[in-house]
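Generate coordinates for the sequence data below:
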Amino acid sequence: ALAALPASRGYGNLLTTVSGIQANGTQNGGINPTMVFFTSRGGRSNEGTIQLDGMNVGSAFNGGGVAGYTYDTGNAAEVQLTVAGGLGEADRGGPQFNIVPKTGGNAFSGTYFGNLAGSWSQGNNVDAELKSFGIPSPTKIIKNWDTSFALGGPIKRDRIWFYAVARTIGEYTDIAGRFGNLNAGDPAKWNYVVDNSITSRTSNSRKIIGARVTGQISERNKVSAYYDYQAICSGSSYAKDADQCRVRGDDWIAVYGFGTWSPESSMAAAGGDHIEQFTYSAPLTNKLLIEAAFSQFYSNWSPTAPQGALNYEPFIPVQERSIAGGVPVPNMVYHGYAGLNNNHQTHNVWRASAAYVTGAHSMKVGYQAAYEVTDIFGDFATHGLQYRFNAGVPDQITQRITKWQQANRTRWDAFYIQDQWTRNKLTVQGALRYERAWSFFPEGLNGLLTDSVFGGPVHTLPEAKGVNSYNDIAPRMGMAYDVFGNGKTAIKVNLS
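Presented below is the predicted three-dimensional model:
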């Protein structure tokens, strides 16, 4: 049923089908999946989490819920969404979207998926009359695609299986009303003048490979390993003769995915993200199950100056606040490389649990932990300057220290016990969770990493403690009553 939905193969579009979920960013999904923050029942906008096989694979900061990763929902064995009411094993009260990857089996099977759009698939009802009122032509699709091939089967029958996926996904889109700057590269001219011979476009693509291997090492012991790698290419070079993952054309330049930048001020990104996981499970009896797992999500979000960028003096970036200054949109940056704050992050989580299940009773005890690594740094021109104009009149100067970095490390551990009983139409559940979290700022990774015009010589800070005393004990309780005994109408109460 999920495969039949006329939407991109991303979790955001699936969230829109669930009542009680509030999500932002789904309107921009198109054919390609995008990062979507979500919550439920009026909670914090970023408290929803993405999980892979029950382990958090979101960012290591900003709530740790989601990331710009292309999570593969199209090749999942199943997806599970918990809106609320999680017991002791839930690390927060918000919704959890869990993707369970396929594992393969004793028979070889595969699937191919292809999705393609272009200018030939797009309509346009902006005629000459509408243009006379100042309405521009809509954003033009150049090419959007999503294609994948998946294959699963036995490596050794009844003992070892695999499931592997290869996928490429991307979009090229002309930005309506956005063009190059005729004065780009001229240090003596500080105003933006439209160059209709150069169009601005967004260009983003990913090449993805992933595989999961599962082994039944004995009658009661099973292990699995999962690895997914995504090669990223966003934006383009500024120079025509560059050696970059995407080189600009004669009549177009690709700007980075968001922001109001003229082509000479934009960024480009090329790198790789990955997820790796290892799991172990052992049903010791027909009622007792032991599980353990480790997961790592690594993200290298680092848009930087493209080859040929004007990231040196005298090309100081200028932010024009008003369209009266000649720019097509307010707050557009032009004249020089704008720069951006980037980050590298690693989200490591691990868990172990024992579950005892009978027909009407289930009990679980477990341990969870995480170690989160975040490095945030500024990628700006070494001159450290940016000017701001208002209708062509300078009104502000920004001076930055470069190159700086902020690094922090966060660790938390949790222990929980939960129990659930069902008797006739009534189900009662309860849990207790203890959690401790602490953080620190590592030595030599916070401060000024290179000599700076405005910051002086290199200077880094010694190790410093962050949060060191967060201890939380959370009781959680719930009840569900099946009114008619047919599983269709229930009264539910949760307290957490």
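
ok, T82 to N98 distance?
8 Å (C-beta to C-beta, to the nearest Å). Heads up, the C-betas are built off the backbone N, CA and C, glycines and all.

Which of the two has more residues huddled nearby?
Ranked by neighbour count (other C-beta atoms under 10 Å), T82 and N98 place N98 first, with 18 against 15.

list the contacts for the more buried one?
With contacts defined as C-beta atoms under 8 Å, 6 or more residues apart in numbering, N98 is in contact with 51-54, 79-82.

now it, which residues is it bridged with?
Beta-bridge pairing of N98 under DSSP bridges involves Q51, Q80.

does E129 count as helix, strand or coil?
Remark: E129 carries the secondary structure label helix [criterion: DSSP: H, G, I helix; E, B strand; the rest coil].

Next one, pLDDT for the residue lying closest to V193 once chain neighbours are set aside please.
Closest residue to V193 apart from its sequence neighbours, by C-beta to C-beta, 6 or more residues apart in numbering: L182 at 4.1 Å. L182 carries a pLDDT score of 96 in this model.

residues in contact with L182?
Counting by C-beta under 8 Å, 6+ apart, L182 has contacts 193-195.

most remote residue from this protein's center?
Distance from the C-alpha centroid of the chain, by C-alpha atoms, centre = their mean, peaks at N424 (43.2 Å).

Can you tell me how far that one is from D482?
N424 is 8 Å from D482, by C-beta to C-beta.

Let me see the ranges of the helices in the stretch 51-200 of the chain.
128-132 (DSSP state H, counting those that start in this stretch).

Strands of the stretch 301-450 of the chain, residue ranges please.
318-320, 332-334, 340-357, 361-379, 385-390, 393-399, 404-423, 426-441, 447-448 (DSSP state E, counting those that start in this stretch).

got TSV for those strands, with distance to V66 and mean pLDDT too?
Compiled in TSV, the strands of the stretch 301-450 of the chain are given as follows (distance: least, C-beta to C-beta, whole Å; pLDDT from 0 to 100):
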stretch	distance to V66	mean pLDDT
strand 318-320	29	97
strand 332-334	27	96
strand 340-357	11	94
strand 361-379	14	94
strand 385-390	30	96
strand 393-399	31	96
strand 404-423	17	94
strand 426-441	20	94
strand 447-448	30	94
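
JSON lines please, covering these and showing mean neighbour count and distance to H459.
Converted to JSON lines, the strands of the stretch 301-450 of the chain look like this (neighbours: other C-beta atoms under 10 Å; distance: least, C-beta to C-beta, whole Å):
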{"stretch": "strand 318-320", "mean neighbour count": "25", "distance to H459": "28"}
{"stretch": "strand 332-334", "mean neighbour count": "25", "distance to H459": "29"}
{"stretch": "strand 340-357", "mean neighbour count": "18", "distance to H459": "19"}
{"stretch": "strand 361-379", "mean neighbour count": "18", "distance to H459": "15"}
{"stretch": "strand 385-390", "mean neighbour count": "19", "distance to H459": "20"}
{"stretch": "strand 393-399", "mean neighbour count": "11", "distance to H459": "17"}
{"stretch": "strand 404-423", "mean neighbour count": "18", "distance to H459": "10"}
{"stretch": "strand 426-441", "mean neighbour count": "17", "distance to H459": "14"}
{"stretch": "strand 447-448", "mean neighbour count": "18", "distance to H459": "5"}
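
nearest to T168, of those?
Closest approach to T168 among these is made by strand 340-357 (24.5 Å; C-beta to C-beta).
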